[in-house]
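K.L.:
Turn this into a structure:
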Amino acid sequence: MDMKRKLLGAVTLFAMFAGMEANAQGTSQNINVQADVADVCVIDSSGTPLSINFGTVDTTTQVDSTDSATLTWRCSTGTAVDIRLDAGDTTGSNPATARLLEHSTDSTQTIDYLLCHDAACTQPWGDGTTAPDASDTGVGMATPQTTQIFGVLDASSAVANIAGVYTETVVVSLVF
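P.N.:
Numbers count the residues shown, from 1 in each chain. Modelled structure (predicted):
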């Protein structure tokens, strides 16, 4: 009798495990996995602002001063981007015709300059409305790209000005 019970128990236990095995093999479910990669653009500045410094303006010879800055930026692969320079913080600045540097203590004293796409400054840089921006396409966040910003200061516009430091702050934006 004990042998019959043990045998019956073993058969029952075997049948139970066999049923579980059959259920495990006969049931499945898919796992849907997804990720979205957003369009992203960043300016690589390391906290250091770009600088265009025309130096000391020679009003006796009225020779224009030039300088340039290199903007380093990154965008997701294939992301179309416009690089815009705003009109600046000096009242009356017009990116298409003449931006204005303002004297540090007398806002009526200004000097004309332009920021341009080319070293000869034949193509002024726009603010999204007044002149062309630069357009480009990102090649990936791991690959920094550079864009050169050229500047020319009209020395003849400084002939009647008072001595001192003239400045303006222009904001660069990546619009994507």
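K.L.:
Residue 141 against residue 73, yeah?
P.N.:
No - at 10.5 Å, residue 141 does not count as touching residue 73 under the criterion of C-beta atoms under 8 Å. Every residue, glycine included, has its C-beta placed from N, CA and C.
K.L.:
more neighbours, those two?
P.N.:
Each of residue 141 and residue 73 has its neighbours counted (other C-beta atoms under 10 Å); residue 73 has more, 19 against 15.
K.L.:
Ignoring the adjacent residues along the chain, who's closest to the more buried one?
P.N.:
Nearest residue to residue 73, sequence neighbours excluded (C-beta to C-beta, 6 or more residues apart in numbering): residue 43, at 5.1 Å.
K.L.:
got the contact list for the one you found?
P.N.:
Counting by C-beta atoms under 8 Å, 6 or more residues apart in numbering, residue 43 touches 71-73, 172, 174.
K.L.:
Checking residue 108 next. Helix, strand or coil?
P.N.:
Classification of residue 108 using DSSP: H, G, I helix; E, B strand; the rest coil returns coil.
K.L.:
Residue ranges in the protein under the pLDDT threshold?
P.N.:
Per-residue confidence for the chain (pLDDT under 70) gives these ranges: 1-24.
K.L.:
Next, the buried residues of the longest strand along it.
P.N.:
Using DSSP state E, we find that the single longest strand of the chain is strand 65-75. For strand 65-75, the neighbour count (16 or more other C-beta atoms under 10 Å) marks 65-66, 69, 71, 73-75 as buried.
K.L.:
Then stretch 49-57?
P.N.:
Neighbour counts over stretch 49-57 (16+ other C-beta under 10 Å) mark 52, 54, 57 as buried.
K.L.:
how distant is that stretch from the center of its chain?
P.N.:
Stretch 49-57 has its C-alpha centroid displaced from the chain centroid by 22 Å (C-alpha atoms, centre = their mean, to the nearest Å).
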